[in-house]
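> Structure of the sequence below:
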Amino acid sequence: MQLGRKIRVLVVDDSVVFREVLSKGISSDPIIEVVATANDPFDAREKIIKFDPDVLTCDIEMPRMNGIEFIKRLMPQYPLPIVVVSSVSDAVFNAMKAGAVDFVTKPDVQSVKSVEAFINELIEKIKIASAANVSHWKANNALRRVVNRTDTRDRTCTDTKIKLIAIGASTGGTEAIYNVLKSLPPDIPGIVIVQHMPPVFSRMFADRLNGSTQLRVREARSGDYVEEGLVLIAPGDNHMRIKKVGNRLKTEVFKGEKLNGHCPSVDVLFESVAKVCGSDAIGVILTGMGYDGAKGLLSMRKNGARTICQDEESCVVYGMPKVAYNIGAAEKQVSLDKMAQTIISMLK
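As a prediction, this is how the structure comes out:
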């Protein structure tokens, strides 16, 4: 998108009323312009060619072709930043896998407050999406399919002093996290993750990863111990930090004010890891808008931990990793397809 002009948005939804609510709501922001609306993917295809939008909002449940299938067909041919608008369902993760940048849950249309909160969140997600890098879906789609098959199942991590791996991510992070975890062996040291995500979806995300990787993955609860091969994901709307109990590490999940605009916050997790684990940890920042996690990763590095961030080319949004690298928090930048092997090499 060119600097100085409005973000051009195409709204795709089969409901006339909801298209009107969306269009009117997001158009209230002075830098967003709804250039057209479409009632299904076939209508959207024509409008994309005609109006050349910067961002597309897309419903999942639509007649003739659902939103996920539409995204799958669209992205390799005409990559566009897409924000999915959906009811509460793990289908949003299929949409992320197909190429969507982010998602927003549909509001209770009977509640004015719910609709207002929804519109404000969608406006913010559209602005973030307008800066997203989706060009790789066209240029490197075949390469991605090959690279993502990287197999490290034959590697072991038993000979290491590392007690914990801490990962933080935001926009684009669901797929980035999956691509890292699926290439890690089952004897990897315990992993704790903050992914900026609403409540309910964090548990769905954990369950999805649990069924698609070699690792045990679940939503974290206070008192969970960090264990080999176990991944603990911070619940939406709760911070997570690490505490030491004797020679073991365990999680504390708690309510709190947003930090850097987020709850859970990556900085909250990373600062606790820096304090408790010192040099016995690895910190990783993946794709995401903003700067959450950068200061915490710097604290980890100053306390002796190994630290990495995702490189610009492989990020959907090169925000959090950029800040972390620029302030000296990350030792190196690594492409997503090499992240797992880099983590394994640091363990040794």
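> so where do the strands sit in the stretch 1-150 of the chain?
Secondary structure of the stretch 1-150 of the chain (DSSP state E, counting those that start in this stretch): strands at 7-12, 32-38, 55-59, 82-86, 102-105.
> Using TSV, lay out the ones you listed together with mean pLDDT.
What follows is those, written out as TSV (pLDDT from 0 to 100):
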stretch	mean pLDDT
strand 7-12	97
strand 32-38	97
strand 55-59	96
strand 82-86	94
strand 102-105	94
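> can you redo the ones you listed as CSV with distance to Met197?
C-beta coordinates here come from the backbone N, C-alpha and C atoms, glycine included. Listed next are the strands of the stretch 1-150 of the chain as CSV, based on distance: least, Cβ to Cβ, whole Å:
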stretch, distance to Met197
strand 7-12, 23
strand 32-38, 24
strand 55-59, 19
strand 82-86, 14
strand 102-105, 9
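> Compare these and report which one is nearest to Val268.
For the strands of the stretch 1-150 of the chain, proximity to Val268 was assessed by Cβ to Cβ; strand 102-105 is nearest, at 21.8 Å.
> Work out the sheet partners of the closest one and label each with its direction, please.
Applying DSSP bridges, strand 102-105 is found paired with strand 82-86 (parallel).
> Would you mind extracting the C-alpha trace of the strand it pairs with into CSV?
The C-alpha trace of strand 82-86 is given here as CSV (Å, rounded to 0.1, in the frame of the first residue of the first chain):
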residue,chain,number,x,y,z
ILE,A,82,-7.1,-11.2,4.5
VAL,A,83,-8.8,-10.7,7.9
VAL,A,84,-11.3,-13.5,8.6
VAL,A,85,-14.6,-12.6,10.3
SER,A,86,-16.0,-15.7,11.9
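> Reformat the strands of the stretch 1-150 of the chain as JSON lines; add distance to Ile123 and mean neighbour count.
Compiled in JSON lines, the strands of the stretch 1-150 of the chain are given as follows (distance: least, Cβ to Cβ, whole Å; neighbours: other Cβ atoms under 10 Å):
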{"stretch": "strand 7-12", "distance to Ile123": "10", "mean neighbour count": "24"}
{"stretch": "strand 32-38", "distance to Ile123": "7", "mean neighbour count": "19"}
{"stretch": "strand 55-59", "distance to Ile123": "11", "mean neighbour count": "26"}
{"stretch": "strand 82-86", "distance to Ile123": "10", "mean neighbour count": "25"}
{"stretch": "strand 102-105", "distance to Ile123": "10", "mean neighbour count": "22"}
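> Of the ones you listed, which is nearest Asp280?
strand 102-105 (34.0 Å).
> Of the strands of the stretch 1-150 of the chain, which is nearest Glu20?
strand 32-38 (8.3 Å).
> all helices of the chain, in order?
16-27, 41-51, 67-77, 91-98, 112-129, 136-139, 141-147, 173-181, 201-212, 266-277, 294-302, 320-326, 339-347 (DSSP state H).
> comparing these, which gets the lowest mean pLDDT score?
Mean pLDDT is lowest for helix 141-147 among the helices of the chain, at a mean of 44.
> Phi and psi next, for the residue of the chain positioned farthest from its centre.
No residue in the chain sits farther from the centre than Gly246, which is 33.4 Å out by Cα atoms, centre = their mean. The phi/psi pair for Gly246 (degrees, to the nearest 10) reads phi 60, psi -120.
> Pro185 too?
Main-chain torsions, Pro185, degrees, to the nearest 10: phi -80, psi 160.
> That one against Gln214, yeah?
Yes - between Pro185 and Gln214 there is a contact at 6.8 Å, judged by Cβ atoms under 8 Å.
> More neighbours: the two, which one.
Taking neighbours as other Cβ atoms under 10 Å, Pro185 and Gln214 compare with Pro185 leading, 19 against 15.
> Give me the number of neighbouring residues for Gly256.
By other Cβ under 10 Å, the burial measure for Gly256, its neighbour count, is 13.
> Now the helices of the chain in TSV, please, with extra columns for mean neighbour count and distance to Thr57.
Shown next, in TSV, are those (neighbours: other Cβ atoms under 10 Å; distance: least, Cβ to Cβ, whole Å):
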stretch	mean neighbour count	distance to Thr57
helix 16-27	16	6
helix 41-51	17	10
helix 67-77	19	10
helix 91-98	22	12
helix 112-129	18	7
helix 136-139	15	18
helix 141-147	12	23
helix 173-181	23	18
helix 201-212	18	18
helix 266-277	25	27
helix 294-302	24	30
helix 320-326	24	24
helix 339-347	19	30
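> These: which one's closest to Gln195?
helix 173-181 (4.9 Å).
> what angle sits between the closest one and helix 339-347?
50 degrees (axes from the mean of the first three to the mean of the last three Cα atoms, to 10 degrees).
> tilt between helix 173-181 and helix 201-212?
Going by the same axes, to 10 degrees, helix 173-181 makes 30 degrees with helix 201-212.
> Just the CA trace of helix 173-181, in CSV.
Extracted C-alpha coordinates of helix 173-181, given in CSV (Å, rounded to 0.1, in the frame of the first residue of the first chain):
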residue,chain,number,x,y,z
GLY,A,173,2.1,-16.4,14.7
THR,A,174,-0.3,-19.4,14.7
GLU,A,175,1.2,-20.8,11.5
ALA,A,176,4.8,-19.8,12.5
ILE,A,177,4.5,-21.6,15.8
TYR,A,178,3.1,-24.7,14.1
ASN,A,179,6.0,-24.7,11.6
VAL,A,180,8.5,-24.5,14.5
LEU,A,181,6.9,-27.1,16.8
